[in-house]
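A.B. asks: Pasting the sequence and the predicted coordinates here, then a few questions.
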Amino acid sequence: MKSDARRLDHRGLTELRKRAVSSVQNGESPEVVARVLGVCRASMYNWLARYRSGGWHSLDARKRGGRPPKLDGKAMRWVYKTVTMKNPLQLKFKFALWTTGMVAAVIYRRFGVRLSRSSVSRLLNQLGLSAQRPLWRAYQQDPEAVQKWLDEEYPRIRRRARRRKALIYFGDEAGVRSDHHAGTTWGKRGQTPIVSSTGARFGLNLISAVSSRGALRFMITKGRVNAQVFIEFLKRLLVGTEAPIFLIVDGHPSHKAKCVQRFAEAQDGSLEIFILPPYSPELNPDEYVWNDLKNNAIGRQVLHSPSDMQKAVVSHLCRLQKLPDKVRSFFLAPTTAYAAS
């Protein structure tokens, strides 16, 4: 049931407006704030439009009239809904992340109002939005399968591992290339530096596995990672380990090959392989091994030959093996925390 703000005195209505706008600026959804305060959504967005046009004093209930804002309450609501609920690709942009320039373009396209990028940035902040590094999801991902993994399948694996005193590892493969670069570089102001690369690119492939206890195991291979290469990694993973190993990997064909299944069955319970939901790399803590390797090693070195690359990769991963706290931190990301215990 909504309250009638018209029954409030000027002071009460002013405070209500300021509290509503302040809550939105602190990150609350305008829709949620309107519902909590018992006012209609149209009033909420009109207050946001007033604030944008004239600041806090424009919310004074005693003030009447004044210059109408460039973007009224309906426009503010449209901007909020568009940025938070639509992908730029749906609006025929070629980039999947919202930028201030793109938001300015859709505002002009919709309302004929030209705003500078700084003005758009202020607008988005006033709507409680902020620039953030996104979490990537494959469009093929099945949310129900992911939720089932989190709620049922992984807890079942964990309980089974505890009963058998098994070690849970998460494994993955990756490739590194000589032309990968990361970070920033110096250059002339106003002129974006260009990274030149030779056509003589080279690379290598790797397999690794990590556990929430801080263990890291890895193997380098120059060819493609097929079922036989994966079995070789499994053999190495079993060396020196008395406890059973539960290895969780993605659904790559090499992981599900019949020869891999036969190998696992031949280990008399010492090895079990489990498959993550399809298109869900964010659930795998081992992804952070490759992120760390590419951004903090390969992407920041000059590599002249395949041997240089192999030395750099081995050196970095061996150093990472001696940092169990850092490996454990890979299990503390929002999407991997479920596997931390």
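C.D. replies: Yes, it's here. Numbering: from 1, shown residues only.

A.B. asks: Could I get the buried residue list for the helix or strand that contains residue 23?
C.D. replies: Assigned by DSSP states H and E, residue 23 falls within helix 10-25. By neighbour count on 16 or more other CB atoms under 10 Å, the buried set for helix 10-25 is 13-14, 16-17, 20-21, 23-24. Every C-beta, even on glycine, is put in place using the N, C-alpha and C of the backbone.

A.B. asks: Quick check: what element follows that helix along the chain?
C.D. replies: helix 30-37.

A.B. asks: Now for the closest residue to residue 119 other than its chain neighbours: which residues touch it?
C.D. replies: Leaving aside its chain neighbours, residue 119 sits nearest to residue 104 (7.9 Å; criterion: CB to CB, 6 or more residues apart in numbering). By CB atoms under 8 Å, 6 or more residues apart in numbering, the contact set of residue 104 is 114-117, 119-120.

A.B. asks: Need the pLDDT of the closest residue to residue 214 other than its chain neighbours.
C.D. replies: With sequence-adjacent residues excluded and distances taken as CB to CB, 6+ apart, residue 214 is closest to residue 324, at 2.6 Å. Looking at residue 324, its pLDDT is 95.

A.B. asks: that's a strand at residue 168, yeah?
C.D. replies: Yes. Per DSSP: H, G, I helix; E, B strand; the rest coil, residue 168 lies within a strand segment.

A.B. asks: Could you count how many residues lie near it?
C.D. replies: The local packing of residue 168 (other CB atoms under 10 Å) involves 23 other residues.

A.B. asks: Test my guess that it contacts residue 248.
C.D. replies: Yes. Look at residue 168 against residue 248 with CB atoms under 8 Å: they come within range, at 6.8 Å.

A.B. asks: intersection of neighbour lists for those two?
C.D. replies: By CB under 8 Å, 6+ apart, the residues touching both residue 168 and residue 248 are residue 157.

A.B. asks: give me every residue that touches the closest residue to residue 121 other than its chain neighbours.
C.D. replies: Excluding its sequence neighbours, the residue lying closest to residue 121 (CB to CB, 6+ apart) is residue 100, at 5.2 Å. Contact partners of residue 100, counting by CB under 8 Å, 6+ apart, are 117-118, 120-121, 124.

A.B. asks: Among those residues, name the buried ones.
C.D. replies: Counted by 16+ other CB under 10 Å, those give 120-121, 124 as buried.

A.B. asks: Among these, which are located in helices?
C.D. replies: Secondary structure from DSSP state H places 120-121, 124 of the buried ones among the contacts of residue 100 in helices.
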